[in-house]
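Colleague: can't give you the sequence, but here's the structure:
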């Protein structure tokens, strides 16, 4: 809660805000206006009706001015918290707090669990508490995600000083990007003996670092991501440097996962396709040695020779994850790819984009795709009967699929083929999965059927991918779903995202009605399976379920 120390003349700014809201011609059941401390922009969270009414009122501009002015005088604001006698439904008893001696006697196994909730920045303090805590906190598994401090990217002296600290040896992941000084061999040498678990190379000038040294650094990691942006000024490490790094990876490397991603928005006039990064002059025998030990391979927007494609496809059987995006395949090569996917037993995840699957026999495609646990199709050409057969296989129970993403799916005449799928088939199939991602502008009948089935029971944990959930209020036809049905459906998920028309004040649109939001929160208070509610660019909100 916030108090203003300027005094209470005319009720203070809080009374002013209350008067402004009460002056609105229409009621606003759900309304939150706040000043984002990071962007210094006034943002609005509200249902669709309140959002429209409030934006059109004089109160909006006045309230924006109040929030901005109050923030400028933030030294005059005092914050306080109300006392609480309960936490997560449990009575908190001060005399039950664990004493210092009690913490010291905790078993190592319990300390390991507790420390697992801490960020690496907090673990640095744990190292200083005691020898016992230090021995537990030094375990490598706890330092996942620990990266170089920002100051080491800005100043070479800070990097050299940090490399002499014991904390430097805790590095497991290295983001080799956005350094404010040119890296040289002596700097990269510092990282070579750390036994890094993963490395990502992007947006960095490596012109003064030898290819052999970079190859050695990558070879010592288990996971490597190289991102190349084809741009005159920002395209570092650059195509040639990226290819040189790949060519210098040692035969005895530790690499199990490799991602080589090329970004370029320039469209070639001759082909109508994006410009590709060519790997055609890398010897096939070298690629054979490189790929044979990999467990995961992701290639994007590259130019490969026919021999190289055959070699890559032959190694799919050894992979558990394969991503092949923006790489041209003819009909024969596409058929070869799907046939190999259908025969492999180890591959669990398949991601394809800009591939024409419309000539693959319906049953062959359905059988191959349903052997995967995770499938991601983007801008893929498919016929409606192919999609339907994949969905029917899921419904039958013969599918291993858990996660399905289908965005930008077109047929030969550039029409969205999801529109042609029977709504009942689509709804029953997606509710058999754990996560599903699709374009948000599905037909009204399909949206209604999806949430109707979901309300009765579902395997779905979330809508969208786990790392990029779909905001429920952005579906174009979501307002047509019965409020009670929608409330039951969403509370059958484990995680749900709302944006409430969030973002900058002029952006975003909430398509949920007041009745839908009221029904959702009412059901949330009664019975729910939800564990988190999240909003774009905000921390997850943990849900205390009532069962």
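Modeller: Yep, it's here. Note that the structure is a prediction, hence the values are computed from the model and not measured.
Colleague: Low-confidence bits of the stretch 101-250 of the chain, can you list those?
Modeller: 101-105, 120-121, 140-145, 230-237 (pLDDT under 70).
Colleague: what about the helices in it?
Modeller: Here the stretch 101-250 of the chain has its helices, by DSSP state H, counting those that start in this stretch, at 108-115, 120-126, 131-137, 150-154, 156-162, 185-192, 211-219, 239-247.
Colleague: list the buried ones in the third one?
Modeller: Think helix 131-137. Residues of helix 131-137 classed as buried: 133, 136-137 (neighbour count, 16 or more other C-beta atoms under 10 Å). Yep, even glycine has a C-beta here, placed from its N, CA and C like the rest.
Colleague: what does the last one give?
Modeller: Buried residues in helix 239-247, counted by 16+ other C-beta under 10 Å: 239, 241-247.
Colleague: got it, and stretch 426-446?
Modeller: In stretch 426-446, counting by 16+ other C-beta under 10 Å, buried: 426-438, 440, 442-443, 446.
Colleague: So which of those residues are in strands?
Modeller: Assigned to strands by DSSP state E, the following of those qualify: 435-438.
Colleague: Let me know the closest of the residues you listed to residue 388.
Modeller: residue 438 (14.5 Å; C-beta to C-beta).
Colleague: For the closest one, give its distance to residue 426.
Modeller: Distance check for residue 438 against residue 426: by C-beta to C-beta, to the nearest Å, it reads 9 Å.
Colleague: just the buried residues of helix 239-247 now: which is nearest residue 108?
Modeller: Relative to residue 108, and with distances defined as C-beta to C-beta, the nearest of these is residue 245, at 40.9 Å.
Colleague: Chain neighbours aside, what residue packs nearest to that closest one?
Modeller: Using C-beta to C-beta, 6 or more residues apart in numbering and skipping the chain neighbours, the partner closest in space to residue 245 is residue 214 (4.8 Å).
Colleague: quick one, what contacts the one you found?
Modeller: By C-beta atoms under 8 Å, 6 or more residues apart in numbering, residue 214 lies in contact with 188, 201, 206, 244-245, 248.
Colleague: Now for these: which two are most distant?
Modeller: So, the contacts of residue 214 by C-beta to C-beta: farthest apart are 188 and 244, at 13.9 Å.
Colleague: shaky segments in the stretch 351-500 of the chain?
Modeller: 412-417, 440.
Colleague: Let me know the closest of the buried residues of helix 239-247 to residue 109.
Modeller: Nearest to residue 109 among these: residue 245, at 41.6 Å, using C-beta to C-beta.
Colleague: where's the closest one relative to residue 206, distance?
Modeller: The spacing between residue 245 and residue 206, counted by C-beta to C-beta, is 8 Å.
Colleague: Using a markdown table, lay out the buried residues of helix 239-247 together with distance to residue 370.
Modeller: Converted to a markdown table, those look like this (distance: C-beta to C-beta, whole Å):
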| residue | distance to residue 370 |
| --- | --- |
| 239 | 37 |
| 241 | 41 |
| 242 | 35 |
| 243 | 37 |
| 244 | 41 |
| 245 | 37 |
| 246 | 34 |
| 247 | 38 |
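Colleague: measure the residue nearest to residue 263 when sequence neighbours are not counted to residue 170 for me?
Modeller: Of all residues not flanking residue 263 in the chain, residue 229 sits nearest, at 4.7 Å (C-beta to C-beta, 6+ apart). With distances taken as C-beta to C-beta, residue 229 is found 30 Å from residue 170.
Colleague: before we move on, what about residue 387?
Modeller: Residue 387 is 48 Å from residue 170, where distance means C-beta to C-beta.
Colleague: Of these two, which one has the most company?
Modeller: Between residue 387 and residue 170, counted using other C-beta atoms under 10 Å, the more crowded position is residue 387 (26 against 18).
Colleague: which SS class is the more buried one?
Modeller: Using DSSP: H, G, I helix; E, B strand; the rest coil, the structure places residue 387 in helix.
Colleague: residues contacting it?
Modeller: With contact taken as C-beta under 8 Å, 6+ apart, residue 387 is in contact with 406, 409, 417-418, 421.
Colleague: List buried residues within those residues.
Modeller: Neighbour counting over those (16+ other C-beta under 10 Å) leaves 406, 409, 417-418, 421 as the buried ones.
Colleague: could you dump those residues to JSON lines with distance to residue 148 and secondary structure?
Modeller: Shown next, in JSON lines, are those (distance: C-beta to C-beta, whole Å; DSSP: H, G, I helix; E, B strand; the rest coil):
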{"residue": "406", "distance to residue 148": "38", "secondary structure": "strand"}
{"residue": "409", "distance to residue 148": "41", "secondary structure": "coil"}
{"residue": "417", "distance to residue 148": "46", "secondary structure": "helix"}
{"residue": "418", "distance to residue 148": "44", "secondary structure": "helix"}
{"residue": "421", "distance to residue 148": "48", "secondary structure": "coil"}
